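Student: have a look at this prediction, sequence included:
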Amino acid sequence: MKILITGATGLVGSEIVNQCHQLGYSVNYLSRDKNNLKNQPNYQGFHWDISKKEIDSACVKDVNAIIHLAGAPISERWTKSYKQTILDSRIESAKLLYQLLEDTPNQVEHFISASAIGIYPSSLMNFYTEDYEHTSSSFLGEVVEAWEHAANQFEALNISVSKIRTGLVLDKNEGALPAIAKPVMFGLGAPLGTGKQWQSWIHVKDLASIYMYVLNNELEGVYNGVAPTPESNKDLTEWVAKVLEKPFFMPKVPKFILKLFLGEMHIIVIESQRVSSQKIEDEGFNFEFYKLPAALIDIYK
Ligand SMILES: NC(=O)c1ccc[n+]([C@@H]2O[C@H](COP(=O)([O-])OP(=O)(O)OC[C@H]3O[C@@H](n4cnc5c(N)ncnc54)[C@H](OP(=O)(O)O)[C@@H]3O)[C@@H](O)[C@H]2O)c1
């Protein structure tokens, strides 16, 4: 089996590459950075430039499935032009892949796209399953809707499409957890806003395993990429403090302060999405990290 991965150099991509190699799958990957291109028998890099609509067509040779993870980080300040970068890096990149498959003879049968739980409207009460019909009116809701629409287009090429609505991915060195842990390390960990907002987290190893499960079992459609036990922001931060053996007594950081420092993107830490993992579990997937303390202990100890 040969898989083409976009965003293979990132947090989720690197773990998926590891798991592909453990299963004996070869990986081709696309990167914007020519210095990032490796040329190993089971890990071969190809260059693309999304804004110039340039892509090395050799990337798709003998490829059975594509995993599309590329996307500019949402943790930069959301200026008008950066919002466009967030959108284009996900959607124009998907269009470039579509064009490539349309123009190049290939044997791709499955397109698996990253997506995000930011599609679900913020709510303290709802427990979201994949069939929930309304989309958040926030910028993130708009991004995810366009991102999933771009993925769905591949069905016109007779390719199966899957979308993994990803929650807060936990890893020691990358993503949100180091940012959460940093003040905690100094004894300054505090709930954000009311601290009641739900955070649907997932250990990076389990998320990569979901991608592999969807690939190996040819599952189509939307799957939430979250662990079975979401936590409130307060409880999540408190667990980080417990596992790091640090005190947790600071007052909540009010929403207006977060808005002042983060601008519109403060919704990333304030919005509440309690998201269900039942659908992928019903397909037979077993989580390695079911509960947050076990995930944090694996990450930090
Ligand atoms: N981590 C999370 O908590 C989380 C939550 C929800 C959804 N997701 C989504 O899951 C996907 C993978 O997440 P991740 O955490 O692995 O992301 P990541 O570590 O930021 O890596 C994303 C990859 O996308 C590529 N990229 C970055 N900026 C780009 C741009 N402007 N245009 C095109 N490509 C660009 C980079 O590859 P090159 O430098 O090699 O080109 C990078 O390795 C992303 O789409 C992300 O939005 C992640």
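Tutor: Nice, I can see it.
Student: quick check: phi and psi at residue 68.
Tutor: phi -110, psi 100 (degrees, to the nearest 10).
Student: I'd guessed residue 25 sits against residue 1; true?
Tutor: Yes: at 4.5 Å, residue 25 counts as touching residue 1 under the criterion of C-beta atoms under 8 Å. (C-beta placed from N, C-alpha, C; glycine too.)
Student: which one of these two is surrounded by more residues?
Tutor: residue 25 (19 against 14; other C-beta atoms under 10 Å).
Student: contact partners for that one?
Tutor: 1-3, 42 (C-beta atoms under 8 Å, 6 or more residues apart in numbering).
Student: residue 90 versus residue 4, what's the distance?
Tutor: 16 Å (C-beta to C-beta, to the nearest Å).
Student: meant to ask about residue 186, not that
Tutor: In terms of C-beta to C-beta, residue 186 sits 35 Å off from residue 90.
Student: out of the two, which sits in the more crowded spot?
Tutor: Looking at residue 186 and residue 90 with other C-beta under 10 Å, you find the greater number of neighbours at residue 90, namely 28 against 8.
Student: where does that one land in three-state SS?
Tutor: helix (DSSP: H, G, I helix; E, B strand; the rest coil).
Student: and it, how far is that from the ligand?
Tutor: Here residue 90 is placed at a distance of 6 Å from the ligand (C-beta to the nearest ligand atom, to the nearest Å).
Student: please apply the same query to residue 165.
Tutor: Residue 165 is 8 Å from the ligand, by C-beta to the nearest ligand atom.
Student: same for the helix or strand hosting that residue, what does it pack against?
Tutor: In the assignment (DSSP states H and E), residue 165 maps to strand 160-166. Under the contact criterion of 3 or more C-beta pairs under 8 Å, 6 or more residues apart in numbering; DSSP states H and E, strand 160-166 touches strand 110-116, helix 139-152, helix 204-216, strand 221-225.
Student: what does this structure have sitting close to the ligand?
Tutor: 7, 9-13, 31-33, 36, 50, 69-73, 85, 89, 93, 114, 116, 166, 168-169, 174-176 (C-beta under 6 Å from any ligand atom).
Student: just the buried ones from the residues you listed?
Tutor: Buried subset of the residues of the chain next to the ligand (neighbour count, 16 or more other C-beta atoms under 10 Å): 7, 9-13, 31, 50, 69-71, 85, 89, 93, 114, 116, 166, 168-169, 175-176.
Student: show me the contacts for residue 55.
Tutor: 30, 46, 48-49, 96-97, 100.
Student: wait, residue 44 touches residue 38, no?
Tutor: Yes: counting by C-beta under 8 Å, residue 38 is a contact partner of residue 44 at 6.9 Å.
Student: between the two, which one's more packed in?
Tutor: residue 44 (18 against 12).
Student: right, and the helix or strand after the strand or helix carrying the more buried one?
Tutor: Applying DSSP H and E as the criterion places residue 44 in strand 43-49. Note on strand 43-49: by DSSP H and E, the next helix or strand toward the C-terminus is strand 54-55.
Student: where do the helices sit along the stretch 1-150 of the chain?
Tutor: Here the stretch 1-150 of the chain has its helices, by DSSP state H, counting those that start in this stretch, at 11-22, 80-103, 139-152.
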